[in-house]
Every structure is written in structure tokens, then in C-alpha cells.
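# pasting the sequence and the predicted coordinates here, then a few questions.
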Amino acid sequence: MTNPVALITGSALRIGAAIAKTLASRGYDLILHYRNSEQAAQSLASTLANEFAVNVVLLQADIDASIGAKLSDLRTSIERLELLVNNASSFYPTPIGEATEQQWDDLFNSNAKGPFFLSQECAEYLKKNNGHIINIADIWGVFPKEQHTIYSMAKAANIMLTKSLALELAPTVRVNGIAPGAILPPSVDGVVIEDPDTAAKVPLQRMGGEDVIVQALCSLLDNDYINGEIIKVDGGRTVQLAQ
């Protein structure tokens, strides 16, 4: 890979795929991570390679401490890395009285533990290239979401990961986060769950769509003096929650 290289977790579908397409259009070679969506990842990789003439490598792994070791297996084909986007995330309710340890492990692995260990593994590459880590957080890491205690805790850890790494990896690596609000209807096991109430709760009265997250990411890439920030992209929802 001779172009700048970006690694995106959870890149086969939805926001991750939209980020991948935009980075490919900007000339990035890509490492596209997926967990279960192999067919979608392969299709996206083929489309981006053909449309934008970039190199694309696939990385299959669970999002936990083991993902760093999986990445190290690619060392022979990867000589550089400019950008890590920790996008992959599990999301579902865990009502008190029904939550399980397995749900705890899954939600913390994908939203906190995995991003930490992957960032640690990538740090040496990123330092060589004045790289950038962007974590996809959530406004529910700032405000608690009803019946989502474990998820909100995990995203709060993700936000603190961003702020801590912004200090620890400076001055050679910038670390920032994006906290989406109502962007897309939630999806569980590939099934979209429509919630007509969601848009009505947002001051702008609409959901954002993938493009608003991509725009925020591009703004962070283009301004090299932003570090340690969590950019809320939520249509004003957190302003409403803070009242």
C-alpha cells in the first residue's frame, strides 16, 4: 500500500460502509473489518477497489482484546497506517433484572475493550505517520438511555478512552470522537427496528442519516488542530436532554 491507509471496524454495513466509501474517494487504501457480514464486506471491497482504484484488505475478527493479534497477522502486507476508525458497536437494551454477564462482555468488548486494544496495536503505525484515531461514541455515553445501562456505561468508557489517548499519544497522533444521536433506525442481527417516535424526539424533527457522520469525520480529518474532542451529531437532542 502506497496511499495513506485507513482501518475501519464494522465497515461492511451502514455508517461503516459510508465512511469506507468516502475515504476511498479521498484516495485512502483500506483495511475493512467485519465480524459476521462476510458477503457484504467482500462486495463492498470489490466495489471500492473498482470504483476508486484503491487497495482493499479484509480483516475478520471479533471486537475484543484478540483483534490486535489479528491485525498483527497483516503486518506483512501493511507497512503504514494513517487513520483508525473504531466504529463497530453492539447495541441493545439490558433492563435491570434481565441483564446477563454475557451481554456485559459483548457490549464492553465492542465499545471499549476492543477499541482500546486495537488502538494500542495501531499506535506504533500511527505515530510514524502523524496519524489519527476517531472513535464513534454515542450521546448515550453522555446521558443515560433508559433500559440501556450497560451500553451507556460502555460508551462512557469509549468517550474517556478518546480523551485519555488524546493526551497519551500526542503530539504525533490525534484522537477524537463522534457522538451520534438519532442517525439510523437501530438494527439487531441485521434486522432494522423502526421506531417512528425517534425523529419526533429530536429538535430538528428528523433522523440524520449516514452522511452527517461522514461529514463530521471529514471535518476532523481536515482540521489538524482538533484533539481530544467529542463532536455531537444529534440534531440538538443533547441540548434538549440537558434542560
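The structure has been received and is ready for your questions.

# ok, longest helix in the protein?
For the chain, the longest helix by residue count, based on DSSP state H, is helix 149-168.

# what packs against it?
Packing contacts for helix 149-168, counted by 3 or more Cβ pairs under 8 Å, 6 or more residues apart in numbering; DSSP states H and E, involve helix 101-108, helix 114-128, strand 132-136, strand 174-180, strand 230-233. For glycine as for every other residue, the C-beta is placed from the backbone atoms N, C-alpha and C.

# for the shortest one, packing partners?
Here strand 230-233 touches helix 149-168, strand 174-180, helix 210-222, going by 3+ Cβ pairs under 8 Å, 6+ apart.

# so for F91, which of those sits nearest?
helix 149-168 (5.9 Å; Cβ to Cβ).

# pull out the buried positions in that closest one.
By 16 or more other Cβ atoms under 10 Å, the buried positions in helix 149-168 come out as 149-159, 161-163, 165-166.

# can you redo the helices and strands packed on strand 230-233 as JSON lines with distance to S43?
Supplementary listing: these in JSON lines, determined by distance: least, Cβ to Cβ, whole Å:
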{"stretch": "helix 149-168", "distance to S43": "29"}
{"stretch": "strand 174-180", "distance to S43": "24"}
{"stretch": "helix 210-222", "distance to S43": "17"}
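
# which of the helices and strands packed on helix 149-168 has the lowest average pLDDT?
With a mean of 94, helix 114-128 has the lowest mean pLDDT of those.

# need the contact list for the spatially most central residue of the chain.
When Cα atoms, centre = their mean is applied to the chain, the residue found nearest the centroid is N87 (1.4 Å). Residues in contact with N87 (Cβ atoms under 8 Å, 6 or more residues apart in numbering) are I8, T9, G10, S11, I15, G16, I19, I136.
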